[in-house]
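1. please work out how this folds:
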Amino acid sequence: MDIEFNKREDQNRLKLSEINRLLAEIKKGGGEKRLQKIRDEGKMTARERIDYLLDKGSDSIEIGAFAGFEMYEEHGGCPGGGVVVVIGYVSGKQCIVVANDASVKAGAWFPITGKKNLRAQEIAMENRLPIIYLVDSAGVYLPMQDEIFPDKEHFGRIFRNNAKMSSMGIIQISAVMGSCVAGGAYLPIMSDEAMIVDKTGSIFLAGSYLVKAAIGETIDNETLGGATTHCSISGVTDYKAKDDKDALNRIKNIMKSIGSTEKAGFDRIESFEPKSKPENIFGILPASRTEQYDTYEIIKCLVDNSEYEEYKADYGKSIICATARIDGWSVGIVANQRTLVKSGKGEMQFGGVIYSDSADKATRFIANCNQRKIPLVFLQDVTGFMVGSKSEHGGIIKDGAKMVNAVSNSVVPKFTVITGNSYGAGNYAMCGKAYDPRLIVAWPWADLAVMGGTQAAKVLAQIQESTLKKQGKDISAEDHQEILDTISKRYQKQTEATYSAARLWTDAIINPVDTRKWISMGIEAANHSPITEKFNLGVIQV
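-> Here you go, the predicted model:
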């Protein structure tokens, strides 16, 4: 290994270390004191419940761990969005588990909590995965009720999705292990099977204080909506569990009884580790997002045996298209090439930029993968489409639209890994969040923005200075630099991987070494859902 490789490796591992440090803090939820209070009440914490429920030694992936990061600080914060979401295995069956974290504002729903719960349901619906709810929530966070209650993608959408999933035959299991209040009380009864933990679980539309205020009735919460009430009188719940572990064991038994379903039929053979170690990624990728590197070297670290079959290798070289295997699964890879290359006409093409010939190649490749029922993996390190008179006259908009059309209408599952930059329309063409990837993850140093930080800061500074000049203010060189620095700092913060993950623009920030596991588990999940549509590009300009 050369010195440059070692320098890159050190810098990138430091970035991963910082992400892991933040993640460790997030996993503490509302803090150790609140977690201990939950244990003192005879309950398990959200993460303890999930750890006990999932099969020991099996793989799992966490969705949206950074949700709410550095948001709602005026309200005390909302680590993890107040809910833990994991895709894993229960009794050998792949499923998705949603557990309210009662250490965070008693499990109350912030706006990001609703968005994260809806994302979990979306994954379940797209992949027809069983979904398990471990309920322990005080309901909507009232100081922000206007941002979580009334709109289409707000709290009520959860119950709409419960009904939709039921009609689709998707298994839903609820365990009420703490509070289940107000609108949230509908969730257990809209699940296929529901259980409640004696003495700690409760379900009611309104608690004892509100009942007293509303109708003058005096009653305690246990009599109003405890386990005995709902298992013996109302019939709302199906099983009464003596404690958390008893409830989780019942879920395991239910999962054991679930029969197999029709599969999509994605091809999988024996898996082989890459010959180029995935750890090499840390030394291949430059710490600066503007430096070049060879994307082929990254692909070799991700695919089985480091082998791939490239499509149109000598054409449209700023995008690499290839079929390969990841953990035995057949995949089609669409990746931005981040080194300077010569086009078929002998012209130099900048790394990370999409040219007309590359967009044309990618469109055809995506169509071929749909024809052959091969899941697509997008490796994003893109600065956008090529600009300038030559590109415009050559129809870059038309060719870019073809690629966007192909991505939009693709019927095979898509998975997106943001390995570096994700700028502008390049984000769209390379299957950004708006284009329904089954999973979208970022490596720790990923940047997401409408354009690069340097260019954006200069544009924004020009606008601000123009406004000040119109107000009759002179702008000195020192003023210009101060404005530029302030804007650059703010803009850079908004492009960081943690900022995107906090808002669920990505599902997770992952260790690059775990990329194969995420893609493999994602395809396994997608394989539960047969393809019922046909690929059609629709109307495009040729």
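
2. below-threshold pLDDT in the chain: ranges please.
-> The model of the chain has pLDDT under 70 over residues 1, 183, 393, 451-461, 465, 491, 539-542.

3. and the longest helix for it?
-> In the chain, taking DSSP state H as the definition, the longest helix is helix 3-26.

4. which outside residues touch that one?
-> By C-beta atoms under 8 Å, 6 or more residues apart in numbering, the residues outside helix 3-26 that reach it are 65-66, 69, 79-80, 281-287, 444-445, 497-498, 509, 511. Backbone N, C-alpha and C define where each C-beta goes, glycine included.

5. kindly report the same for stretch 295-308.
-> Here stretch 295-308 makes contact (C-beta under 8 Å, 6+ apart) with 271-278, 280-281, 284-285, 320, 322-328, 331, 333, 335-339, 379, 381, 419, 512, 515-516.

6. how far does that stretch sit from its chain's centre?
-> How far stretch 295-308 lies from its chain's middle: 24 Å, per C-alpha atoms, centre = their mean, to the nearest Å.

7. so which bits of that stretch are buried?
-> For stretch 295-308, burial by neighbour count (16 or more other C-beta atoms under 10 Å) applies to Thr295, Tyr296, Glu297, Ile298, Ile299, Lys300, Cys301, Leu302, Val303, Asp304, Ser306, Tyr308.

8. can you show me the helices along the stretch 51-200 of the chain?
-> Assigned by DSSP state H, counting those that start in this stretch, the helices in the stretch 51-200 of the chain fall at 111-127, 156-168, 186-189.

9. to Asp136, which of those lies closest?
-> Closest approach to Asp136 among the helices of the stretch 51-200 of the chain is made by helix 186-189 (11.8 Å; C-beta to C-beta).

10. dump that closest one to CSV, keeping only the CA atoms.
-> Output of helix 186-189 as CSV, limited to C-alpha atoms (Å, rounded to 0.1, in the frame of the first residue of the first chain):
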residue,chain,number,x,y,z
TYR,A,186,-56.4,2.0,16.9
LEU,A,187,-53.2,0.4,15.9
PRO,A,188,-53.5,-2.9,18.0
ILE,A,189,-57.1,-3.5,16.9
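
11. ok so Ser529 is a helix residue?
-> No: secondary structure of Ser529 (DSSP: H, G, I helix; E, B strand; the rest coil): coil, not part of a helix.

12. ok, now how distant is it from Lys240?
-> According to C-beta to C-beta, to the nearest Å, Ser529 stands 34 Å off from Lys240.

13. how about Glu18?
-> Distance, Glu18 to Lys240, by C-beta to C-beta: 46 Å.

14. same thing with Thr532?
-> From Thr532 across to Lys240, the span is 40 Å (C-beta to C-beta).

15. over to Glu32?
-> 31 Å.

16. between those two, tell me which one has more neighbours.
-> The neighbour comparison of Glu32 against Lys240 (other C-beta atoms under 10 Å) goes to Lys240, with 19 against 10.

17. about what we covered before: show me just the buried residues among the contacts of stretch 295-308.
-> Those of the contacts of stretch 295-308 that meet the buried threshold are 274, 276, 278, 280-281, 284-285, 320, 322-327, 331, 333, 335-339, 379, 381, 419, 512, 515-516, by 16+ other C-beta under 10 Å.

18. mind checking which of the contacts of helix 3-26 are buried?
-> Counted by 16+ other C-beta under 10 Å, those give 65-66, 69, 79-80, 281-286, 444-445, 497-498, 509, 511 as buried.

19. tell me which helix or strand Gln464 sits in.
-> helix 453-470 (DSSP states H and E).

20. give the buried residues for the helix or strand following that helix.
-> Going down the chain from helix 453-470, the next helix or strand is helix 477-495, by DSSP H and E. By neighbour count on 16+ other C-beta under 10 Å, the buried set for helix 477-495 is Ile483, Leu484, Ile487, Ser488, Tyr491, Gln492, Thr495.

21. ok, then the element right after helix 477-495?
-> Next helix or strand after helix 477-495 toward the C-terminus (DSSP H and E): helix 497-502.

22. which elements pack onto that following helix?
-> helix 3-26, strand 439-442, strand 447-449, strand 508-509 (3 or more C-beta pairs under 8 Å, 6 or more residues apart in numbering; DSSP states H and E).

23. one more time with 7 Å
-> For helix 497-502, the elements it packs on are strand 439-442, strand 508-509, judged by 3 or more C-beta pairs under 7 Å, 6 or more residues apart in numbering; DSSP states H and E.

24. who's the closest residue to Lys317 other than its chain neighbours bridged to?
-> Once flanking residues are discounted, Lys317 sits nearest to Val341: 4.1 Å by C-beta to C-beta, 6 or more residues apart in numbering. In this entry, Val341 is beta-bridged to Gln349, by DSSP bridges.

25. next one: Val341 from Thr363, what distance?
-> Separation of Val341 from Thr363 (C-beta to C-beta): 19 Å.

26. among the two, which residue is more densely surrounded?
-> Neighbour count, other C-beta under 10 Å: between Val341 and Thr363, Thr363 has more, with 24 against 19.

27. and stretch 293-313, how far out from the chain's middle?
-> Taking C-alpha atoms, centre = their mean, one finds the center of stretch 293-313 at 25 Å from the center of the full chain.

28. all strands for the stretch 101-250 of the chain, in order.
-> In the stretch 101-250 of the chain, the strands defined using DSSP state E, counting those that start in this stretch lie at 131-137, 172-181, 193-197, 202-204, 239-241.

29. in JSON lines, list the ones you listed along with distance to Gly432.
-> Output for the strands of the stretch 101-250 of the chain, formatted as JSON lines (distance: least, C-beta to C-beta, whole Å):
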{"stretch": "strand 131-137", "distance to Gly432": "25"}
{"stretch": "strand 172-181", "distance to Gly432": "30"}
{"stretch": "strand 193-197", "distance to Gly432": "37"}
{"stretch": "strand 202-204", "distance to Gly432": "40"}
{"stretch": "strand 239-241", "distance to Gly432": "43"}
